[in-house]
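Asks: Predicted structure and sequence below. I'll ask about it afterward.
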Amino acid sequence: MTNYEVMFIIDPALEDAVKDETIETVKGIIAAQGEVGEVDVWGLRKLAYPIMKKSEGYYVVIQFQGETTLPKELDRRLKISDNVIRHIIVNKDEK
């Protein structure tokens, strides 16, 4: 299994329950094909530049392990999510 990290920004206008549900959904996607590690919720932060006319976002970082097909599926699912405005998946084992 390979070590990965995903950082995603949730729309700050959403209610707290929807934000928590989005985090649980991402953890569920990862758990289906891998292993969820540390979940670090940074909370509301100012964005470096406006995204979709928003100047703030709700940041979440999740460490996880999985097969090489997992990041592609996670990327696909995050792209179509209306709650997530940006995301990045990093292979932590790659040098």
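Replies: Looks like it came in fine. Residues are numbered from 1 along each chain as shown.
Asks: Residues contacting whichever strand or helix holds residue 46, please?
Replies: Secondary-structure assignment from DSSP states H and E places residue 46 in strand 34-51. Applying C-beta atoms under 8 Å, 6 or more residues apart in numbering, the external contacts of strand 34-51 come out as 1, 9, 12, 23, 27, 30, 54-67, 70, 85-86. C-beta coordinates here come from the backbone N, C-alpha and C atoms, glycine included.
Asks: Also stretch 19-28?
Replies: With C-beta under 8 Å, 6+ apart as the test, stretch 19-28 has contacts from 6, 8, 10, 14, 36, 39, 41, 58, 60, 62, 74, 78, 81, 83-84.
Asks: Make sure I have this right: residue 22 is in a helix.
Replies: Yes - using DSSP: H, G, I helix; E, B strand; the rest coil, the assignment for residue 22 is a helix.
Asks: Return the subset of the contacts of strand 34-51 lying in strands.
Replies: Among the contacts of strand 34-51, the ones falling in strands (DSSP state E) are 9, 54-66, 85-86.
Asks: That concludes my questions; thank you for your assistance.
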